[in-house]
Structures are given as C-alpha cells and as structure tokens.
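> Let me see the structure of the following:
(chains A and B)
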Amino acid sequence: MFDDIADPDDDSVATMEGISKLCDHLGIDPLEDVKILVLLHKLQASSKPAQITREEWMNGCHNLGTDSINAFKALLPSLELGFMERAEFRDFFKFCFKFNLEGTHKTLDKELVVALVELTLNDRIAKDRLATFQEFLNITKDTSYNTITLDQWMSFLDFSLECPDLSQYDEEISAWPVLIDDYVDYSNGMKM
Amino acid sequence: MSDDKNLSHIITFEEGWGKQIKPGAVDVLEEILDNGFNNKEGKFFSNKSYIEVYTKCYDMCTQRAPYNHSRELYQKHGEIIRIYLQTKVLPAIQEKGIQGGKPLLVELQFRWNNHTIMNKWYAKFFTYLDRFYVKHHSLPSLIQAGLTSFKDNIYQQIKVGAKDAILKLIDQERDGEIIDKTLIKNTVELYEQMGMGGLDTYIEDLESKLLESTREYYAKKREEWITTDSTPEYLIKAEKVLKEESNRVKEYLNTATESKLLKVVEEEILEKVEPALLEKEGSGCKVLLANDKSEDLQRMFRLFSRLDNGLPPMASIVQEFISSMGHEILNQRQARLDSGEKDSNDDPQFVKALLALHEKYLGVITTDFSGHSEFHKALKDAFDDFVNKDIGNYTNAEFLSTFCDRVLKSGGEKLSEAEVEDNLEKVVQIFSYLTEKDRFAEIYRNQLAKRLLNQRSASDDLEKAMIAKLKMQCGTQFTAKLEGMLNDLAVGSDQKTEFETRMREHDTKMDFGVQVLTAGFWPTYPTPEVVIPTDMTQCLDIFSGWHSNKHQQRKLKWVYSLGNATVKAQFGKKTYDLQVSTLQAVALNALNSGTSMTFTELKKVLNLQDEILKPLMHSLSCCKYKVVSKTPSSKKILPTDSFIANSKFSCNMRKIRIPMASLEASHNSKLVEEDRTNAIEASIVRIMKARKTLAHVQLQAEVLSQLAFFKPNPRVIKKRIENLIERDYLERSADNPNVYNYLA
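Residues are numbered from 1 along each chain as shown, chains lettered A, B, ... in the order given. Below is the predicted model of the structure:
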C-alpha cells in the first residue's frame, strides 16, 4: 500500500502528494475534511512535518489493524473529532500544528492558522469564540501576530476550554500569552 | 532592766495610763493641737516630761505577765487617736468646710498637719511597742495605725469634698486666676500618703477625677476655639496650654500624673480636631506651606509629633502640595509649547524650576519638620509622581542630561566650580526619582562622548565628580562605561608622549595624534571606509604598528567620521589655517589639484555614501566660509553639482573653523530598548534557574523588583517569557498553565 503513495524520489517517505493520493483512494477531501489529519495522527506520523515515513506507516497500520484501503475506509467514521477525549484531542491539536510546519520554520502563518482552527476546533469550542478569534487574527495590525507559535496555538485551546466567560478575565494576573490578552481586549471591545 | 525591778512596785494599767500617760501626754498634746502653745518656747514636751512618759510605757511593757500591758497599751493608742479624730477633728472639718472650696482645704491642711505631729509623738512615746509587741504579733506599726485611723475616720469622709475643691481651684487657675498652690500641694500630699506606700489611692480618688475634669474643660475650650481661631492661632493656644499643664504637674501634682494629663489634653485639644486644623480654609496646612509660614509649620509639626498618628495626615497634605507645585511646573512647560515655543531637548528653565522646587522643600523639611522621615517620604512620593510625566517630545531624563551637558561643557553657563558641583548634586537628587534611569544613562553617555571628543569638557574633575555621584546612587555597573570613557582619555594622554617620540623617528609630512576608544564604552559611530590619501595612511600605519606592538590582542578600527585636522591652505598670496574634520580634510585634499570634480566623481574617488558626502560638501561650499566653489551655487547638493577649489577665497582671519554637522551616533532609543529586553530576559532566566518552578504572578513580581533602572509594563515581561518559551529556556507546567518550569 505504501508503495502506491511513496515519494518517487525517496520511497522511504510519503509526502503531501502521496497523502493526497491516499485521500483520493479514501474518497475524502484533504482541504475540507479533518479526518486525514486524524488518521495521520493515529498513524503517529510525527517525525517530520508534511510527511509520513514507511516505518511509521508500517507500525501505524499494524497498530490500527488496517491492511487494505477498505480497512481504512471502514475506519473513517471512527475518526470523527467528537469521539476524542480531552487529553487525546489536546495531543492531536499539537500534532496538527507540528505537522503543518514548513521546513525548518517553528511558527505557522496567520492565514493557515485561521484555516486550521476552523478545521479542528469547529465542534470542540464555542462557535462564537472560534469566530471572534478568527476575526481578531484577520483584523489585527500587530505584525508580531503574522506568525503564530506553538505556545500561542496550544494556549488558545486551553484558554478556550478553561475560560468560557471573558468577563472574569483579569489581565493583571493572567499567564496566558499576550496574544490572548489582546484577543480578550478585542472581544470585550466589540461587546461594548 | 534587772530582775529586781519586779520585786518593787508593779504598775497597773489604770495607774500607768490614768496617772501618767493620759494626763502627761495625751491631754497635753490634744490641748496644744486644739488651742496652740501655752508656753513661751513653743515646745510640745520638755525632755523631762517626755522621758517620764516614755519610761512609764517602757515599764508597763516589760513587766512580766500577767502585768505586761503591751496589748492594752496598743489598743489604747488606737483608741485615743480614733476618738480624737471622730470627736474633735471630723466635726471641725465638716463645720469649717461646709461650703466646700478653699476653707475646707485650709481646715483639712491644718488638721492633717496636726495629725502628723500627733502620730509622731505617740510613736515616740510608745516606741517600745514598735520594737517588740508589734513585731511579735505582726501588727501595723504605730505610725501605720495612726495613718490608717486618719484614713478611715477622716479621709474617707472628706475625700470627695476635697477633690471637688481642688478641681475647682485648678479650673480657676486655668481661667487665669491666681490660686494658693501650696494649699493644693499639701492636700495632694495627703492623698499620696493615704496610699500607704502606693499611688493607688491618689490615682483613684484624685488623679482619675482630675483627668475627667480636664477632659471636660478642654473639650469645651476646643469647641470654642476651633470655630473662631485660625489654625496658627489655635496652635499657639494649644502649645501654651500644654506648657501650662506640664508646669501645673511640677508645681503641685504627683510627677506620675504628667504623662497621663498631657495625653488627655493632647487628645482633646489636638487629636480630635487634627483634620479640621489641617484643612481649615484660609489657614490650614496647605495655606501655611503656600505662604512659607515657617514658624507656624514648625509649631504644627511639634504639636502633631506628640500624637501617635499625628504626622501622616500632615505629611499627606505636604505631599499633595508639593505634587501640585510639580504639576504646575509641568503645566508651564506645556503652556510654552502650546504658545508656539519650539520643542527641543534643552529646557533649562524647566530643569531649574524642578531643582528650585526640590531645594526649597528639602529645606522646609529640614527646618520646619526636623528632617522627619515621614516628610522625606512625602517629598519622594510627590516627586516620583510628576518627575516621570513627560511633556512634549522629549523625556525628562533627556532634559536632566542636557542640563548637565550645559553645565559641564566649556563655554556653557558661566558658573564657578562650586556652583557647577552644587547644580550637579541637585540634578542627581532629581535623577533619583526617575523610573527610566537607563534612558538617562544612555543620553548622558552620548553627550559625554561629544564633550570629550570635541574637547568641550570644562573640567575633568567635574566630570569625575558627576560620575561619582551617579555611582553612589546606582552602583558601579551603572557608571562603568562612563568611567571607561574617561579612562581611555587618561590612558591616551599618558601614552601620547611615547607615541610622539616614535613619530619623530619617521619622516612624516604632518603632525599626527590618535585617540584610542575602547569599543564597548563609547557610543557607536559610523565608520565610513573613506579613501585616505597616502600621506595620511603613512601616519596611520606607523600608529597601527606601534599599537599592535604594545597591545597584541587588541584590534583597531579607524573611525574617520570623528577627529579633526588643521589644513594649511594658500589662496592667492594669503595662507590660512583651516580647522576642519578628518573627512573635510580628505575632501579638500581630493580637490587640491585645482581641477573640478562632480559630486558623483567625488563619491567614487572618496568612497563615501550620499548621507555623508552631501553634508560634507555642503559645509565646504554653501556655508560661511566657501573654500570650495560649487556650480550651480544653490543651497542644495545634487549629484550633478561640480566642485572646485575656490581660488578667490579670502577672509580677514588667519585661523578659520569650518564646522560640519557631526554625524549622529547610533540612535539612543533603540539601544535602550535592546538593553532592556536583554535585562528582562537575563533576570527571568536568573530567577527561574534558582527557583526551578514559579507561578506567573510571582515571577513577574520578582523580575520587577530586580530591575533597578527602569520599570517595564507587565505585558513586556510576558512577551519576554513567551520568547524564552519559544527558545526552550522555559516551559509551561503541564499541571498548571499559570506556572513555569525552568528547562536546564
């Protein structure tokens, strides 16, 4: 199975092209459907971004018990985000960030982040929280937010789950990244 | 006495008492006390009669039982006293003192004196009882018994009346009348004596009542005065009252009463109206400060110092006042800017106003408030508040530094050395209130460099003195660079002669000197790689050779944007000495041949950027001394302009200085921000390394306490923490996102 998606120049890895091919086989749209990411996470494709090694593939398939495309297809429904426990989702969320890094970069572009949170957080956090956050990122003129760090990425998730009520937010004592402080200012400003 | 006494006459009690003691002692005594002396000498008892009675008593007490009459004698002693007091003394007192007041006290004094005499005589007569009987049966001594009798029979009956009389007299004295102080003093002694060795009786029966009536008296006075008197008037009265009460105690009360009495007076007269006094319209503390009422302020301080919490409210008003004066200075600056005055980094009027304000109120605190720390704190808090408010485009840190520059550079303000140092001392005092001390340091460093490199410093000693003052305030690290700069110049002048000797060994066409700057200490200057003529490079190479021989590890980099030269120029028949910068000299040399060169050509030949070449050529061709002619002769330098040595140049003076806008050292602000970022990060890492794990709020607090020379916004600190997380120095704790862990 791996040979089918392996990279023509280096058959020990499958890059985005190959992964895209896999999506075709499975009948899912990689841009719209988060399941491919979930699958890659479950296969533990964590060594480098945007790829999965043959070894990871073999081990992963073995663990999941998938020996054919049909087996994968059968697995698809279980890849819904709603099934994940909080801890597992957190790991997945971290994986999403890391998997989408480009080359040696350690941060993600703002635009990609806006798209990724849509994909991953859609049913996991309050809809208005997600929407205002995306809005905030799009609107902000602060150039330091053109790229987002892993700390900021993870903090947004933790923050959204821990602090559903923004009226209680106290910037003086908060250890959340400044991005969150700015976001809260923006969000409260809108409500005024 | 010997035994054979018993063989002779036994004295019965009736005999001894009835025949000898009573008529010979008791009756005589009572008679004299009641009616005065009836003999010429005024003596109570002659020696003979005294010894007779004494001996009788002695005999009666030493007879063997059952003829030992000690017990009866002792009882009789108590009885005669009691009866006398009850039948003679008390009625007399009650009669004479029926209206109370002074007559009561006079009679009481008389009777008390009498009792003292009586008590003393009886004790003398019956001494023998005291020696054995009293001791053996643990009974009160004769004197003690006498006193107790007086207390029980007289004192308890009249103590209230006497107390009322005393208090009334005291109030009269307070109202200004003359009273008999001795009378009161004697009566007070009675109360003291009635305590039988302790002061409890005095305290309970007299002192406590005195305190109550004092309180009432002064409460009334306070109500009267507070409405009619201004604060200074009131305070004068209060001070007078306290002095009077203190004297009162000394004159006729027990010393233990002083502190309690004064405390009551202070409470009623001062404590209860302190706010009203401080804030009185037209005469309160603020008004006194505004009108420099030194004496009144001193008095106010003296009086409120007596209270437990008297000074803080006063200091608070002082702080507010100084703060408002400071804000007024800020407003004046704002007003000048609003009315069109140009904003620059030099505002001596503003700085002098701040210095004057500080000096004035420092003086007020020393003179009027005895230098009390509460007021020093008020001064500090007031200055902390407004010194850090910047008006206009420049910071107060910059104004202070520029003021120092004015005062330290030659040709600046005309002041004596002592005056300069005094000014510097005062500036450092204001400096101590700045939050952004690091900004001051950076600006000061740049200005110092300018002074030193352009030889515009008036006095090396004064420069050192200022740095020493800053060092005392902020520590060695703060002034390290400044000291380094001065040191470079000192070392340079030491080595100058050595190098000059070396220079003379070579045949150079010019005199040449070098100033070596240690890179870390001085501001960063542009180092254009301009093309230097060979005559000059020869000198540079000699120096480089000599220097690297002396200091092998050091690397030299020539800063052509600094330095100056004297160029001997001949225009026509006249020669001139042109004082120019290094770059100007190089440019003049390029045009020395007399041929014309365009801007672009010069740029190529000299290898200089536009930002440097333009002002350079401008200074030589468009200013006062046009040693170079420019075509076209406009004021702007364009790449198409051409330049040629001005053969027609002429001037009256022989020595001409051609100034050029000195190239700016690297911008202050950026450096300050960079240093701050580093300082915050270093602090975070230091703290986390020691603590290993720490909550956000604590980390923030510790960082702020470690940073001495500026106060960053909490957000700035947070951003640094995030940055350190990105760089894997720290991580957020998995259990609690509010806690950080140090990553080794």
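> residue boundaries of the strands in chain A?
Per DSSP state E, chain A carries strands over the ranges A:13-14, A:52-53, A:108-109, A:147-148.
> Next, count neighbours for residue B:720.
Residues lying near residue B:720 (other Cβ atoms under 10 Å in any protein chain shown) number 22. No exception for glycine: its C-beta is placed from N, CA and C like everyone else's.
> whoops, residue A:29 was the one
11.
> mind listing what it touches?
residue A:23 (Cβ atoms under 8 Å, 6 or more residues apart in numbering or on different chains).
> Could you pull up phi and psi at it?
Residue A:29 adopts backbone torsions of phi -90, psi 110, taken as degrees, to the nearest 10.
> so how far is chain B from it?
Using Cβ to the nearest Cβ, to the nearest Å, we find residue A:29 at a distance of 33 Å from chain B.
> just checking, residue B:731 is part of a strand?
Yes. Judged by DSSP: H, G, I helix; E, B strand; the rest coil, residue B:731 forms part of a strand.
> Just give the closest residue to it, not the sequence neighbours.
residue B:741 (5.3 Å; Cβ to Cβ, 6 or more residues apart in numbering or on different chains).
> tell me the phi and psi of that neighbour?
phi -110, psi 140.
> wouldn't it be in contact with residue B:735 here?
No. Residue B:741 is beyond contact range of residue B:735, at 10.0 Å (criterion: Cβ atoms under 8 Å).
> about what we covered before: need the strands of chain A in a markdown table with mean neighbour count, distance to chain B and mean pLDDT, can you?
Compiled in a markdown table, the strands of chain A are given as follows (neighbours: other Cβ atoms under 10 Å in any protein chain shown; distance: least, Cβ to the nearest Cβ, whole Å; pLDDT from 0 to 100):
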| stretch | mean neighbour count | distance to chain B | mean pLDDT |
| --- | --- | --- | --- |
| strand A:13-14 | 24 | 27 | 86 |
| strand A:52-53 | 22 | 25 | 87 |
| strand A:108-109 | 18 | 13 | 92 |
| strand A:147-148 | 18 | 11 | 92 |
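> I'd like to know how many residues surround residue B:104.
Residue B:104 has 22 nearby residues by other Cβ under 10 Å.
> and if you look at residue A:154?
For residue A:154, using other Cβ under 10 Å, the count is 17.
> distance of it from residue B:514?
Residue A:154 sits 58 Å away from residue B:514, taking Cβ to Cβ, to the nearest Å as the criterion.
> so what does the helix or strand bottoming out on mean pLDDT in chain A touch, helix or strand wise?
Lowest on mean pLDDT, DSSP states H and E among the helices and strands of chain A sits helix A:2-5, with a mean of 82. Packing partners of helix A:2-5 (3 or more Cβ pairs under 8 Å, 6 or more residues apart in numbering or on different chains; DSSP states H and E): helix A:16-26, helix A:54-64.
> what does chain B put close to chain A?
Within chain B, the residues that sit near chain A (Cβ under 8 Å from any Cβ of the partner chain) are B:695-697, B:714-715, B:718-719, B:722, B:725-726, B:732, B:737-740.
> Give me the lowest-pLDDT entry from the residues you listed.
Among the residues of chain B next to chain A, residue B:737 carries the lowest pLDDT, at 83.
> Please name the spatially closest residue to that residue (chain neighbours excluded).
residue A:158 (5.7 Å).
> okay, now that neighbour: neighbour count?
15.
> and what of the one 3 residues further on?
Residue A:161 has 15 neighbouring residues, counting by other Cβ under 10 Å.
> Against residue B:157, how distant is the residue nearest the centre of chain A?
Centroid check for chain A by Cα atoms, centre = their mean gives residue A:96 as the closest residue, at 3.0 Å. The span separating residue A:96 from residue B:157 equals 102 Å under the rule Cβ to Cβ.
> Residue B:16 against residue B:61, yeah?
No. Residue B:16 lies out of contact with residue B:61 (Cβ under 8 Å); the separation is 9.9 Å.
> average pLDDT for the helix with the most length in chain B?
Ranked by residue count and defined by DSSP state H, the top helix of chain B is helix B:476-505. Averaging pLDDT along helix B:476-505 yields 89.
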